[in-house]
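K.L.:
Show me the folded form of this:
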Amino acid sequence: MKLKSNYALIGFKQEIRNLLMASYVVTLALGHTLKCMSIKADTMIRYLNAAEELSIPKNIINPSLNFMGKRSHFIEAIIKESKRWEEMPNRKEPLTEEMILYIIKKSKEEDNDNGIYHAMADWLIMGIQTGCRKSEWSQDKTELNKTKDVHKNIDGSTTAFTANDFQFKGKNSNHLHVVGKRSRPALVELTWRFQKNNDNGQKITFAKSQSNSKLCFVEAAKRVVIRAKDLKVSNDKPIAIFTESKNDKTFKYINDGHVTKLLREAAKEIYNIKCTKALSKFTPHSIRVGACVKIHEEGGDATFIQTRLRWRSLAFMLYLRNTAKLATMQSKLIDNASNNK
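P.N.:
Predicted coordinates for the structure are as follows:
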């Protein structure tokens, strides 16, 4: 029994070392190097090897290896993600609240509650809180045109969210089985039936906003479900839909083309971006990036981001960005430190 306890303690200490080394690799990935510039994954590995050599004089286990003598999965995940990003010609820019508010403003100009701006506003409000991947809510334009059918999972069910994936609840968490315009849900439990990380069937609950009704997840979800009901979409079919005119009852699915077009329109207007190359960095993936950045800006730690945005590793840290809000936060911290001296 004592031998098992010793092994457990050694394993625990080694995992702590693994996490510390993983944090070091994340720091390198973010560009905090000797020359204060970003480096490639292969260079990160050389930095890592140099750090590992410091363990030799102290006769301790290589801090990058797990108890089985293999490189820690924490570190492997970060390096793998770094290599993947190196292969991307354009790293995507994040969706922001300002961009969503622009889409909401444009929706006010539509004479159609089911129009593309109305629908996109609702999905972006939810997207910046869920960090949804493109396939989890919208359709691929090329595939949709080619197959004339929505994307499906291996079991034949639709990949994108359906009305059945939304469970509305009252203040006491009691289930609301019928949701209409007069309903006052306090919570929404959203189900991911299939996921990239294989955590299928995962449920995450979102609460009604108490201070920002414009960007309230619960209200956006309610509008999405009611829109689908009004347009007679089956409960097991995708509900990211819109119509082209007020009296049109023939809906269309939102696809990546629609998402890209509106995101770039918003970025162009809000940030005065005129460069085509710069605008090309806004794509459907900007939603997932934006969700990471938003939580980070609000002070959410790594565990919170992993839990709420469904990450299995620390790879999401490569999505974090240099933003004006973070600069302001840092300035306040420095000011506070100076004033306390």
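
K.L.:
How about R184: what's its closest non-neighbour residue?
P.N.:
Excluding the flanking residues, the one nearest R184 by CB to CB, 6 or more residues apart in numbering is G170, at 7.6 Å. The C-beta positions use only the backbone N, C-alpha and C, and glycine is treated the same way.

K.L.:
Just to check, that neighbour is in contact with S183?
P.N.:
No: assessed by CB atoms under 8 Å, G170 is found out of contact with S183, at 9.1 Å.

K.L.:
Quick check: neighbours shared by those two?
P.N.:
Shared contacts of G170 and S183 (CB atoms under 8 Å, 6 or more residues apart in numbering): L176.

K.L.:
Name the helix or strand for T191, please.
P.N.:
In the assignment (DSSP states H and E), T191 maps to strand 187-192.

K.L.:
Other residues contacting that strand?
P.N.:
With CB under 8 Å, 6+ apart as the test, strand 187-192 has contacts from 130, 136, 161, 164-170, 173, 199-208, 217-218, 221-222, 310.

K.L.:
Give the rounded mean pLDDT of it.
P.N.:
The predicted model assigns strand 187-192 a mean pLDDT of 97.

K.L.:
and what of stretch 129-144?
P.N.:
Mean predicted lDDT for stretch 129-144 stands at 96.

K.L.:
ok, residues contacting that stretch?
P.N.:
123, 126-127, 150-151, 159-161, 190, 192, 195-196, 204, 206, 217, 238, 240, 253-259, 284-285, 287-288, 291-292, 294, 308-310.

K.L.:
Just the buried residues from the residues you listed, in PyMOL please.
P.N.:
To isolate the buried members of the contacts of stretch 129-144 in PyMOL, using 16 or more other CB atoms under 10 Å:
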select buried, resi 123+126+127+150+151+159+160+161+190+192+206+217+238+240+253+254+255+256+257+258+259+284+285+287+288+291+292+294+308+309+310
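
K.L.:
Mind checking which of the contacts of stretch 129-144 land in strands?
P.N.:
Of the contacts of stretch 129-144, the ones assigned to strands by DSSP state E are L190, W192, I204, F206, Y253.

K.L.:
hey, which helix or strand in the chain has the poorest pLDDT?
P.N.:
Lowest on mean pLDDT, DSSP states H and E among the helices and strands of the chain sits helix 324-339, with a mean of 59.

K.L.:
Tell me how many other residues crowd E265.
P.N.:
Neighbour count for E265, taken as other CB atoms under 10 Å: 17.

K.L.:
meant to ask about D155, not that
P.N.:
Neighbour tally, D155, other CB under 10 Å: 7.

K.L.:
Make sure it is indeed in a strand.
P.N.:
No: counting by DSSP: H, G, I helix; E, B strand; the rest coil, D155 is not part of a strand but coil.

K.L.:
Now the residue nearest in space to the middle of the chain: phi and psi?
P.N.:
Compute the mean C-alpha point of the chain, and by CA atoms, centre = their mean the closest residue is G131, 2.4 Å away. Here is the backbone geometry of G131 (degrees, to the nearest 10): phi 70, psi 40.

K.L.:
Could I get the contacting residues of the closest residue to it other than its chain neighbours?
P.N.:
Excluding the flanking residues, the one nearest G131 by CB to CB, 6+ apart is A291, at 3.3 Å. By CB under 8 Å, 6+ apart, the contact set of A291 is L95, G127, I128, Q129, T130, G131, C132, L309.

K.L.:
these two touch, right, S64 and I45?
P.N.:
No: when contacts are counted by CB under 8 Å, S64 is not listed as touching I45 (9.8 Å).

K.L.:
Of the two, which one has the most company?
P.N.:
S64 (24 against 18).

K.L.:
Quick check: pLDDT value at that one.
P.N.:
Per-residue pLDDT puts S64 at 81.

K.L.:
next one: F74
P.N.:
Here, the pLDDT recorded for F74 equals 80.

K.L.:
I believe S209 is in a helix; please confirm or correct that.
P.N.:
No: counting by three-state DSSP, S209 is located in no helix; its state is coil.

K.L.:
who touches it in this structure?
P.N.:
Applying CB under 8 Å, 6+ apart, the residues near S209 are L215, C216, F217, V218, E219.

K.L.:
switch to 10 Å and redo it
P.N.:
Residues in contact with S209 (CB atoms under 10 Å, 6 or more residues apart in numbering) are I125, Q129, L215, C216, F217, V218, E219, A220.

K.L.:
Pipe the residues you listed into CSV and attach distance to E265 per row.
P.N.:
Shown next, in CSV, are those (distance: CB to CB, whole Å):
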residue, distance to E265
I125, 17
Q129, 22
L215, 19
C216, 23
F217, 23
V218, 27
E219, 24
A220, 20
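
K.L.:
Of those, which is the most crowded?
P.N.:
Counting neighbours by other CB under 10 Å, the top entry in the contacts of S209 is I125, with 27 neighbours.

K.L.:
excluding its backbone neighbours, what's nearest that residue?
P.N.:
The spatially closest residue to I125, leaving aside those adjacent along the chain, is A220, at 4.1 Å (CB to CB, 6+ apart).
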